[in-house]
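1. below is the structure, and that's it, no one-letter string:
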């Protein structure tokens, strides 16, 4: 089993990014277990072989109605 810090180091992302993935349920096999000092996440080591991190950042907006497309239409005489 891996800790969240080990998982974050492997994928070269921040610990908080991994915590977001865990709370969203996108890390397969991860589970929250009770420990003497509080609940901790356990991530199976085999997950490193199959997990593909989602792209970071906000999703792009649709092309329709963007400033670039409006400028292109304006310049073409439409």
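-> Cool, got the structure. This is a predicted model, so every value here is computed, not measured.

2. quick check: closest non-adjacent residue to residue 29.
-> residue 44 (4.3 Å; Cβ to Cβ, 6 or more residues apart in numbering). Placement of C-beta: from N, CA and C, glycine included.

3. quick one, phi/psi of residue 25?
-> phi 80, psi 30 (degrees, to the nearest 10).

4. quick one: contacts for residue 56?
-> 13, 17 (Cβ atoms under 8 Å, 6 or more residues apart in numbering).

5. so it belongs to a helix, correct?
-> No. Assigned with DSSP: H, G, I helix; E, B strand; the rest coil, residue 56 falls outside any helix and is coil.

6. coming back round to it: the residue nearest to residue 29: neighbour count?
-> 16 (other Cβ atoms under 10 Å).

7. and the pLDDT at the most centrally placed residue in the chain?
-> By Cα atoms, centre = their mean, the mean C-alpha position of the chain lies nearest to residue 54, the distance being 4.3 Å. Here, the pLDDT recorded for residue 54 equals 86.

8. that one reaches residue 26, doesn't it?
-> Yes. Taking contacts as Cβ atoms under 8 Å, residue 54 lies within contact range of residue 26: 6.7 Å.

9. just for the protein, where's the confidence low?
-> Filtered on pLDDT under 70, the chain yields the residue ranges 64-78.

10. all helices for it, in order.
-> Taking DSSP state H as the criterion, the chain contains helices spanning 4-11, 15-24, 47-50, 67-75.

11. can you tell me what sits against the first one?
-> Read it as helix 4-11. 2, 14-15, 17-19, 22, 27, 40-41, 43, 47-48, 51, 53.

12. from residue 53, how far off is the residue nearest to residue 29?
-> The spacing between residue 44 and residue 53, counted by Cβ to Cβ, to the nearest Å, is 16 Å.

13. with residue 46 instead?
-> 16 Å.

14. likewise residue 63?
-> Relative to residue 53, and taking Cβ to Cβ, residue 63 is found at 25 Å.
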